[in-house]
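> Sequence first, predicted coordinates after that:
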Amino acid sequence: MAIRLYITHQLPEKGGFGWKALQLTVFVALLRGINVGKAKRLPMADLRDLLAELRYEQVQTLLNSGNAIFRARAGTESSHAKAIAVAIQNRMSFEVPVIVKSAKNLALIVAENPYVQESSDHSKLMVAFTPDQRTLAGLSSIQSLVVPPESFAVGRYAAYLHCADSILKSKAAVALLGKAGQGVTTRNWSTTLKLHAMATDEAVH
């Protein structure tokens, strides 16, 4: 079920005013591998402009790592992801993997996290977002790289890695950020919660 937003527009009618309801869905776009070093530089102002040109509404960005909130009247997560990726390639002349989640599905991802009570340091708790269930299921191979006290779980909507020590020292985290996670993009728990809060705020306004 889409999150529904109703914006009223006065329409002139004979003898009074009519009201038209527009259904909008809030989405979150997550870009992989931009603004890391000198390669694939994409300023967030340019990303906002690009999304506006795609006729997405009330676009916001978070941090410099490629996180955007937008509203759309139609389309699926995958169709929006493809449209954004193509637009970036056309504008910037490089490829950027894009994953899009609806505000509803992002809420499910947040609610499913099994390690919330175990991690007071949100920078050591990672969420792996995938474009589809097949890619998500494939992340089960990461389990063999987990070294206690690390914990890793593949849920119904995302995968979660709790690095009790350091992400930089974790073979599982390196795999998620590297070749094993090519179809995946990760965010730490702090960023995930901020995106969830922004998407929820957009959904109720």
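Arrived safely. Numbers count the residues shown, from 1 in each chain.

> Give me the most central residue, the protein.
Taking CA atoms, centre = their mean as the criterion, residue 30 is the residue nearest the geometric centre of the chain, at 3.8 Å.

> For that one, list each beta-bridge partner.
Beta-bridge partners recorded for residue 30 (DSSP bridges): residue 67, residue 99.

> That one contacts residue 184, doesn't it?
No. The pair residue 30 and residue 184 does not pass the contact test of CB atoms under 8 Å, sitting 9.8 Å apart. For the C-beta atoms, the positions are set from N, CA and C on the backbone; glycine is no exception.

> hey, what's in contact with both of those two?
Common contacts of residue 30 and residue 184, defined by CB atoms under 8 Å, 6 or more residues apart in numbering, comprise 99, 129.

> Report the contact partners of the residue nearest to the centre of the chain.
66-67, 98-101, 129, 185, 187.

> Recalculate using a threshold of 7 Å.
Contacts of residue 30 were listed using CB atoms under 7 Å, 6 or more residues apart in numbering, and they are 66-67, 99, 129, 185, 187.

> Which of those sits closest to residue 116?
Using CB to CB, residue 187 is the member of those that lies nearest residue 116, at 14.7 Å.

> Specify the beta-bridge partners of that closest one.
Bridge pairing for residue 187 - DSSP bridges - gives residue 127.

> Next, work out how far apart it and residue 73 are.
For residue 187, the distance to residue 73 equals 26 Å [CB to CB, to the nearest Å].

> circling back to that earlier point, so what's the residue nearest to the centre of the chain scoring on pLDDT?
On pLDDT, residue 30 comes in at 98.

> what's the answer for the one 5 residues further on, then?
On pLDDT, residue 35 comes in at 92.

> Quick check: the closest residue to it other than its chain neighbours vs residue 47, distance?
Nearest non-adjacent residue to residue 35, counting by CB to CB, 6 or more residues apart in numbering: residue 64, 5.1 Å away. In this view, residue 64 and residue 47 are 10 Å apart by CB to CB.

> So what's the residue count around the residue nearest to residue 35?
Residue 64 has 14 neighbouring residues, counting by other CB atoms under 10 Å.

> ok, now residue 89?
Other residues within reach of residue 89, judged by other CB under 10 Å, total 12.

> cool, residue 83 as well?
Number of residues near residue 83 (other CB under 10 Å) recorded here: 18.

> Residue 132 too?
12.

> cool, and residue 167?
19.

> how about it, phi and psi?
phi -60, psi -40 (degrees, to the nearest 10).

> What residues does it make contact with?
Contacts of residue 167 by CB under 7 Å, 6+ apart are 124, 126, 173.

> again with residue 94
If you count contacts by CB under 7 Å, 6+ apart, residue 94 has them with residue 40.

> Read off the pLDDT value for it.
With respect to pLDDT, residue 94 scores 94.

> now for the strand or helix carrying residue 51, which elements pack on it?
Assigned by DSSP states H and E, residue 51 falls within helix 44-53. Packing contacts for helix 44-53, counted by 3 or more CB pairs under 7 Å, 6 or more residues apart in numbering; DSSP states H and E, involve strand 57-62, strand 67-72, helix 77-92.

> hmm, 10 Å instead?
Contacts defined by 3 or more CB pairs under 10 Å, 6 or more residues apart in numbering; DSSP states H and E place helix 44-53 against strand 16-31, strand 57-62, strand 67-72, helix 77-92.
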